[in-house]
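J.: need a 3D model of the following:
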Amino acid sequence: MTDPTPPRRTPGPRSPQRKQMLLRLDPAVHDALARWASDELRSTNAQIEFLLRRALAEAGRLPGAARPVARRGRPPKRPPNERPEPRPGQPEEPPEAPPAPPGP
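T.: Numbering: from 1, shown residues only. Model prediction:
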């Protein structure tokens, strides 16, 4: 008889960019933090990181190697006349030809 359960997938390599940690909070503190994050349109996790970075900067302890927080969401719109930057390995588009002069 065959086993109906699919084989387990091994998790892929995790990105070394972000560290995970368990944080225990008083429920009232968590609720206040979640409301504050909601007011500023952030997740609770993003709010905690924002506050920690601000506290480190004010104390003069924010490491210079700390990268800025990646902006989430849709990228900003470009003006219609601005061409996007080519991706690595992607050939550049030739410049647009000027319009032809009117014929006779």
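
J.: contacts, neighbours, all on C-alpha from now
T.: Fine.

J.: ok, and what's touching stretch 47-59?
T.: 33, 36, 37, 62 (Cα atoms under 8 Å, 6 or more residues apart in numbering).

J.: which of these count as buried?
T.: Buried members of those, scored by 16 or more other Cα atoms under 10 Å, are 33, 37.

J.: in the contacts of stretch 47-59, find the pair that's most separated.
T.: 36 and 62 (22.9 Å; Cα to Cα).

J.: ok, so of the contacts of stretch 47-59, who is nearest residue 72?
T.: Closest to residue 72, out of all of those and judged by Cα to Cα, is residue 37, at 14.9 Å.

J.: and that closest one, its phi and psi?
T.: phi -60, psi -40 (degrees, to the nearest 10).

J.: give the buried residues for the helix or strand of the chain at the bottom of the mean pLDDT ranking.
T.: Lowest by mean pLDDT, DSSP states H and E among the helices and strands of the chain is helix 44-58, with a mean of 93. By neighbour count on 16+ other Cα under 10 Å, the buried set for helix 44-58 is 44, 47, 53.

J.: quick check: the gap between the last one and residue 76.
T.: The one in question is residue 53. For residue 53, the distance to residue 76 equals 24 Å [Cα to Cα, to the nearest Å].

J.: same list (the buried residues of helix 44-58) but as CSV, adding distance to residue 17.
T.: Formatted as CSV, these follow (distance: Cα to Cα, whole Å):
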residue, distance to residue 17
44, 19
47, 18
53, 16
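
J.: and of these, the nearest to residue 81?
T.: Distances from residue 81 to the buried residues of helix 44-58, taken by Cα to Cα, are shortest for residue 47, at 36.4 Å.

J.: ok, now how distant is residue 101 from residue 46?
T.: Residue 101 is 56 Å from residue 46, by Cα to Cα.

J.: the contacts of stretch 47-59 in helices, which ones?
T.: Among the contacts of stretch 47-59, the members found in helices (DSSP state H) are 33, 36, 37.

J.: ok, and the closest non-adjacent residue to residue 43?
T.: Once flanking residues are discounted, residue 43 sits nearest to residue 37: 5.8 Å by Cα to Cα, 6 or more residues apart in numbering.
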